[in-house]
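> Sequence below, structure please.
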Amino acid sequence: MSTTTAAQLPPSPYRRTHTCGQLRPDHVGQRATVCGWVNSYRDHGTGLVFIDIRDRFGLTQLVFERESAPQELVDAADKLRGEDVIAATGEVRIRVGGPNPKLATGEVEVVVSTLSVLNKADNPPFAPDDLAALPNEELRLRHRYLDLRRPKMQKILASRHRVTKVARDYFDENGFLEIETPVLYKSTPEGAREFIVPSRVNPGLWYALPQSPQLFKQILMVSGCDRYMQICRCFRDEDPRADRQAEFSQIDLEMSFVQREDIMAMMEGFARRLWKAALGVDVPPIRVMSYREAMEKYGIDRPDLRYELTITDISDIAVRTDFKVFRDALAQHAGAPPYYSKKGVVKAIRVPPGAGGAKLTRKLTDGYTEWVKTFGAGGVPVIKVNDAGGFETGIAKFLDVPGVKDDLVRRLGLQPGDTVLFAADSYSVATKALGELRQKVARDIGLGPEWGKAWEFLWVVDFPMFEKNKDTGKWVAMHHPFTAPRFDQQQAFVDAGVDDEVAIESVVSAGYDLVLNGSEIAGGSIRIHNPAVQSKVFSLLGLTPEQAKEKFSFLLEALRFGAPPHGGIAFGLDRLVMHLCGTENIRDVIAFPKTQTGADLMTQAPSPVTDAQMRDLHVQSTWVPPTRA
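All right, here's what the predicted structure looks like:
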C-alpha cells in the first residue's frame, strides 16, 4: 500500500501568498496569489477589465488585459459577479492611471495570469459594502454572514479580539489566573430572571444558566486562588435594548486581601492600558464621586460628564412662592430627614443655549411634560430668561417676584437666553425625572461631543446597600446581595433594626461602578466574608433561614471555613467594544446577536422541539396556541 506525502501533492490553485490588504510598491515585480470575494467589476472599454477583490485585511485591484491574456481568462473574468469567491495569481505592478489614496494597496495592482473561481455566489440580498445604503436590521441579521463581511463589521470583530487580548495580557502580568466556571448552574435569586434548563438524568430538577459567575468566583477566593479572571458568558432573561442583550460577555475579576481602593487602582490601570492600545488615548487619573453627589448633581448614578446641566435643589426658594405644585410637593413628608427618598423637594436645571446656539423650543418643553410622566413625575414647569434678564413663559409669574427671583438667579447662575426646567415631587421621583431629562435635553440641543472627542471616566462609590422596590415595597440590594457594607458602616448595618427604614436606607455599601460618558462599563464591590453579615442581608431581602440555606447553603458553608476578605468587579465586554468602536447598538459588536424579541433570525431560534425531546426531559408544554376568530 503506497502513501502520498504532503510534499508529493500537487500545489493548490488557491494557496494564497498575500492577503488583499498586504501588497505595496515593495512587491512590484513579484508573483502573488490573492484570495477573497469579488467586491466590484469594471470594464471601461479600454481593453482592461478591473476586479476589486476583498478579504478582511483589505482590498486589491486585479487587472485582466484583453489583448495579451488568454481569451478563456478574460471570459472567466467577464462572468464574475459580486461575492463570487476567487483566487487570482499574477504579477504586481504600479497601478496604471495613478494611485488610489483611499486604499492601503492603492499604489499597486495585480495583472492576473491565472484565475480560479472557487465558489459562485447567488445574487445577495444586499451588498456587504460600507459605502452602500444599509438595509433594515432584520434583513442584516437574517443574513448575518453577509453583514459581517462589511469592512466596518470586520474591524469591530478585530477590535473585540484586541480588547480580550489586552485584558488577558494585563491581568496575567498582574498575577491573575484565568479559570472557567460552570454554565449549568444552580438557580439562585440574584435579581434578574433566569434561563432554566431541565435535567434529563434528574427528573423534575433544573439547572439555571448563570447571570454571572459571582458565587463561583467568591468560592475561588475561599479556595485560595487569590486573583481570578475570566472572559465569560452570562445570561439574564430580560428584555433586550440598545445596550443590553439577554446573552452577553463579561471580563470577570476577583481579588483576595484587598480594599476597595486596591481594586479600583488595578482596574484603572486596565482602562488606561486598553484605551492606549486601542485608540492611542492617554487616560488621566480617574476622578471619584460619591453616589449621593452623582444623584444630587446629575440625577443618575452613571452621569455623563461631557456636558454640564447640573441639577440644583431650590426647595428653600420654592417654599416662598405661591405656586401650588411646589408647595404641595414640599408639604409631603416634611419631617423626612435630609436625602431620605420620600422627602419632598423642588429641583431645577439651568439650560443655556446648546451647540450652535440651539434653544429649547416650546414644542420641546411641552413634550417633556409627557415624557417625565414615565418616571413618575407629574410634569415639567418651565421659565425662560429674556434679554432683559426677566422671567417669561410657563410659571414666570410665580417666580418673577422680589426676593425669589434674585435668589433663583444667584443660585442657578442664570443668564439671558437660559431656560429653567423644574421638578417637584418626592426626592427619588424628582431626582430620577431630572436625571433622565438632563440626558434628553443634551441630545436635543446637541451638547454631547462627537465620538472620540472626549472620554470622561468616573468612579462612583458609596452606594446605599439597599433600596425599596417601588412595586413590592420590599428591600432589594442595590448591587447584589453579596456586597459588603463599607468598612466603617459594618456596625451601623449590624445595629440597624429590620423595621427602621431610615437606618437601613442610610447604610453605605463597599460597591463601586466605573462609568464612561454616561454608561456603566464596570461594576463591583467588596464582598461579604462574614457568614453572620451575609445571613442578615438575606433576612432583610425577605429570605427565611430555610430559604437562604436552600438557595445558598454552599456559599454560607464556604464562608465558615476560612473565607478571606475579598472583592471584585466585572467589565461589560460588549459595552467596552461599543465605546471603542463608536456604536450605540450592542448588536453591532456581537457576532450573532438576538433581536429585541430575543430571536436569532439567521438560525430561526428559538424554535419548537419534538414531543420526544420533551419526554426525554420529563417536561411538557402548557402553551396553547391562540384560537382564530
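> List phi and psi for residue 551.
With angles defined as degrees, to the nearest 10, residue 551 sits at phi -90, psi -40.
> so is the closest residue to it other than its chain neighbours in a helix, a strand, or just coil?
Spatial nearest neighbour of residue 551, chain neighbours left out: residue 188 (5.2 Å); criterion: Cβ to Cβ, 6 or more residues apart in numbering. All C-beta spots, glycine's among them, are computed from the backbone N, C-alpha and C. Assigned with DSSP: H, G, I helix; E, B strand; the rest coil, residue 188 falls in the coil class.
> Who are the contact partners of residue 219?
554-555, 558 (Cβ atoms under 8 Å, 6 or more residues apart in numbering).
> I'd like the next helix or strand past the helix or strand encompassing it.
Element membership for residue 219 (DSSP states H and E) is helix 214-222. Downstream of helix 214-222, the first helix or strand assigned by DSSP H and E is strand 227-235.
> so what strands line up beside that following strand?
Strand 227-235 pairs in its sheet with strand 177-178 (parallel), strand 247-256 (antiparallel), by DSSP bridges.
> Please identify the buried residues of whichever helix or strand comes after the longest one?
When you say that, I think you mean strand 247-256. Counting by DSSP H and E, the next helix or strand C-terminal to strand 247-256 is helix 260-279. Residues 260, 263-264, 266-268, 270-275, 277-278 are the ones in helix 260-279 that count as buried (16 or more other Cβ atoms under 10 Å).
> name the helices or strands packed onto helix 260-279?
helix 151-173, strand 247-256, strand 457-461, strand 511-516, strand 519-526, strand 566-572, helix 573-581 (3 or more Cβ pairs under 8 Å, 6 or more residues apart in numbering; DSSP states H and E).
> can you do 7 Å?
Helix 260-279 sits against helix 151-173, strand 511-516, strand 519-526, strand 566-572, with contacts defined as 3 or more Cβ pairs under 7 Å, 6 or more residues apart in numbering; DSSP states H and E.
> what about these, which gets the closest to residue 337?
Among the helices and strands packed on helix 260-279, the nearest to residue 337 by Cβ to Cβ is strand 511-516 (22.3 Å).
> show me where pLDDT drops low in this structure?
1-13, 190-191, 356-357, 628-629 (pLDDT under 70).
> hang on, the earlier thing: would you list the strands paired with strand 227-235 in TSV and tack on mean neighbour count and distance to residue 397?
Below are the strands paired with strand 227-235 laid out as TSV (neighbours: other Cβ atoms under 10 Å; distance: least, Cβ to Cβ, whole Å):
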stretch	mean neighbour count	distance to residue 397
strand 177-178	14	65
strand 247-256	23	51
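> any chance of those in CSV, plus distance to residue 377?
Below are the strands paired with strand 227-235 laid out as CSV (distance: least, Cβ to Cβ, whole Å):
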stretch, distance to residue 377
strand 177-178, 46
strand 247-256, 31
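> Which among those strands is found nearest to residue 400?
Taking the strands paired with strand 227-235 one by one with Cβ to Cβ, strand 247-256 is closest: 51.0 Å.
> The closest one to helix 151-173, inter-axis angle?
20 degrees (axes from the mean of the first three to the mean of the last three Cα atoms, to 10 degrees).
> so residue 505 touches residue 464, yeah?
Yes: the pair residue 505 / residue 464 is scored as a contact, 6.0 Å apart, by Cβ atoms under 7 Å.
> any shared contact partners between these two?
Common neighbours of residue 505 and residue 464, counting by Cβ atoms under 7 Å, 6 or more residues apart in numbering, are absent.
> Could you check how many residues crowd around residue 579?
21 (other Cβ atoms under 10 Å).
> Return the residues in contact with the closest residue to it other than its chain neighbours.
Spatial nearest neighbour of residue 579, chain neighbours left out: residue 516 (5.9 Å); criterion: Cβ to Cβ, 6+ apart. By Cβ under 7 Å, 6+ apart, the residues touching residue 516 are 455-457, 579.
> could you redo the last one with a cut-off of 8 Å?
By Cβ under 8 Å, 6+ apart, the residues touching residue 516 are 455-458, 579.
> of the residues you listed, closest to residue 182?
residue 579 (30.0 Å).
> Kindly confirm whether my reading is correct that the closest one touches residue 517.
Yes: counting by Cβ atoms under 8 Å, residue 579 sits close enough to residue 517 to count as a contact (7.0 Å).
> Filter the contacts of residue 219 down to the buried ones.
555, 558.
> Same list (the contacts of residue 219) but as a markdown table, adding distance to residue 570 and secondary structure.
Below are the contacts of residue 219 laid out as a markdown table (distance: Cβ to Cβ, whole Å; DSSP: H, G, I helix; E, B strand; the rest coil):
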| residue | distance to residue 570 | secondary structure |
| --- | --- | --- |
| 554 | 21 | helix |
| 555 | 18 | helix |
| 558 | 20 | helix |
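> and which of the contacts of residue 219 is nearest residue 534?
residue 555 (7.4 Å).
> Distance check, the closest one against residue 481.
10 Å (Cβ to Cβ, to the nearest Å).
> now swap in residue 96 and tell me
Using Cβ to Cβ, one obtains 70 Å as the distance from residue 96 to residue 481.
> Which of these two has more residues huddled nearby?
residue 481 (22 against 11).
> Quickly find the element holding the more buried one.
Using DSSP H and E, no helix or strand contains residue 481.
> Could you double-check that it sits in contact with residue 541?
Yes: in this structure, residue 481 is within contact of residue 541 by Cβ under 8 Å, at 5.8 Å.
> Which parts of the stretch 51-200 of the chain are helices?
Using DSSP state H, counting those that start in this stretch, the helices of the stretch 51-200 of the chain run over 71-78, 137-142, 144-147, 151-173.
> Make TSV from the ones you listed and add mean neighbour count to it.
Compiled in TSV, the helices of the stretch 51-200 of the chain are given as follows (neighbours: other Cβ atoms under 10 Å):
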stretch	mean neighbour count
helix 71-78	15
helix 137-142	16
helix 144-147	16
helix 151-173	16
